[in-house]
Structures are given as C-alpha cells and as structure tokens.
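S.K.: Give me a 3D structure for the following:
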Amino acid sequence: MKRIPTFVAGMLTAAVIGGLGVGALAASGTVTFNVSNLQLNGQQISAKGENYTLASGQQVPASITYTDETGGGTTYLPVRRIAELLGVDTGWDNATGSVTVGKAPDTTATPADYTDWSAEEEAAYQEIKGMWDVRFIGAMEPSIFAGNRDLYRAFPAEDSPDAWAMWEQLAQEKQDKYIYRWMSELRGNRGIALSLCESEDSGLGRSFSIFENGTFYPGHQ
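M.R.: Predicted coordinates for the structure are as follows:
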C-alpha cells in the first residue's frame with residue numbers, strides 16, 4: 001500500500017452530501033467553488049471563499065458544489081482534507097486502482113533518545129540536515145486526533161541538489177531517527193507536520209508528523 005502523493009490526494013473528491021455520483025460533474029449543470037462554510041462536529045474547518053492549502057503550498061478548492069438543471073445541489077469535499085481532520089490515513093492501491101480512506105497509518109515507537117548518539121552518528125545527522133532548507137508555512141487547523149500542529153516544508157538547499165537522493169539511500173530506521181530528531185528540534189509545545197519535498201517547486205515527497213501528544217507518524221510509503 002502506498003500513500004497518495006500530496007498533489008494527487010489534495011484534488012481527489014468524494015460526495016459527502018446527497019446521492020449524486022461523481023459522474024454528475026460531467027453532466028450539464030453549474031460547478032462552483034468554496035460557496036459554503038464547512039463545519040465538522042460543530043467546529044468550522046473552512047470559511048466561504050477560502051481555499052485549502054496543501055502541504056506543498058498549492059491551493060485547491062476546499063469544496064466543489066454541483067448544481068443541476070433543476071436547482072438541486074451536491075457538495076464535494078477533498079478526501080485528503082477530511083482524512084486529515086479525522087486523523088486517518090489516505091492511500092492508493094495500484095493493484096485495484098482504489099483510493100483508500102480510514103486505514104490507520106504505519107506507526108513507529110518514538111526513536112531512542114538521541115542525546116546518546118556517537119560522534120559519528122551526530123556528524124552524519126548534521127550533514128544530512130544541513131543539506132535542506134526549511135520553511136515555516138503556518139499553523140494548521142486543529143485536528144481531532146493530531147491536536148494543534150505547525151506545518152513546515154523542507155527542500156534541497158541550492159548547494160545540495162543531491163539531498164533527496166541521499167535521503168532515499170538511508171535505511172528506514174535511520175530516516176525515522178533523523179526525522180524525529182529534526183522535528184523535535186523544530187517544534188515547541190505544539191505538534192508538527194513536516195513535508196520533505198524533492199524540490200522547492202515540487203509537491204512530491206514524504207510527510208511526517210508528531211502529534212501534539214507526542215505520537216510520531218513517519219512518512220512510510
């Protein structure tokens with residue numbers, strides 16, 4: 001099972017109000033964007049006229065409303081958006097061509113205390129981290145399960161074009177240790193989500209989270 005790349009997941013939509021199928025979007029009618037305030041369990045998650053910002057910084061519609069010729073309407077919401085708010089995983093199954101929602105993501109125990117790393121391991125970590133530019137994107141909307149989180153993006157520094165390739169060569173266990181420490185150094189009392197991107201202009205990469213309660217969710221694919 002693979003996670004959906006962010007730019008794809010952000011655009012996937014599901015009918016959540018009414019019984020109209022997705023195919024109706026191709027029928028004659030009117031399609032409008034962001035025309036409604038959206039609430040989840042009594043909490044507003046987006047306001048009328050607001051877009052949804054992906055981890056890559058790209059903005060997509062927070063809602064799509066289809067109005068048929070008789071005036072009946074159906075509102076569609078991005079799968080990725082709902083999954084994030086519910087604290088569940090989204091995935092893509094190549095074998096069946098299916099989008100999956102609700103399967104718990106892979107979890108890993110909090111990596112060992114990094115204060116006891118050897119000098120060699122410390123140097124290797126600092127070298128890898130120094131190859132990336134990190135940008136604070138902003139505070140994410142609170143999630144039922146993840147709590148309050150701040151969103152960061154990291155992309156290869158101008159003088160380190162091979163940063164992504166080197167990251168991919170690391171063993172999974174080492175990736176988890178490095179990314180956990182990296183996010184721990186960035187976060188304060190809030191949770192954190194870090195999107196590790198192949199390039200500054202790319203939405204492709206890996207996403208990692210430390211929830212506000214300290215739970216670590218690695219970006220395994």
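
S.K.: Would you enumerate the residues in contact with Y125?
M.R.: 114, 117, 178, 181 (Cβ atoms under 8 Å, 6 or more residues apart in numbering). C-betas here are computed from N, CA, C, even on glycine.

S.K.: Now the helix or strand encompassing it - C-alpha only, PDB.
M.R.: Taking DSSP states H and E as the definition, Y125 sits inside helix 119-129. The C-alpha trace of helix 119-129 is given here as PDB (Å, rounded to 0.1, in the frame of the first residue of the first chain):
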ATOM      1  CA  ALA A 119      30.100  11.400  17.500                       C
ATOM      2  CA  GLU A 120      30.000   9.700  14.100                       C
ATOM      3  CA  GLU A 121      26.200   9.400  14.100                       C
ATOM      4  CA  GLU A 122      25.800  13.000  15.300                       C
ATOM      5  CA  ALA A 123      28.100  14.200  12.400                       C
ATOM      6  CA  ALA A 124      26.100  12.200   9.900                       C
ATOM      7  CA  TYR A 125      22.800  13.600  11.100                       C
ATOM      8  CA  GLN A 126      24.100  17.200  11.000                       C
ATOM      9  CA  GLU A 127      25.400  16.600   7.400                       C
ATOM     10  CA  ILE A 128      22.100  15.300   6.200                       C
ATOM     11  CA  LYS A 129      20.100  18.100   8.000                       C
END
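
S.K.: In terms of model confidence, name the weakest of the contacts of Y125.
M.R.: Among the contacts of Y125, Y114 carries the lowest pLDDT, at 75.

S.K.: For that one, grab the count of nearby residues.
M.R.: Neighbour count of Y114, defined by other Cβ atoms under 10 Å: 15.

S.K.: Three-state assignment for the residue nearest to it when sequence neighbours are not counted, please.
M.R.: Ranked by Cβ to Cβ, 6 or more residues apart in numbering and with sequence neighbours excluded, the top spatial neighbour of Y114 is R181, at 4.7 Å. For R181, the assignment made with DSSP: H, G, I helix; E, B strand; the rest coil gives helix.

S.K.: From the centre of this structure, point out the most distant residue.
M.R.: Distance from the centre of the chain peaks at T70, with 37.3 Å (Cα atoms, centre = their mean).

S.K.: model confidence over the helix or strand just after the helix holding Y125, on average?
M.R.: Sequence-wise, the next helix or strand downstream of helix 119-129 (DSSP H and E) is strand 132-139. Confidence over strand 132-139 (mean pLDDT, whole number) is 94.
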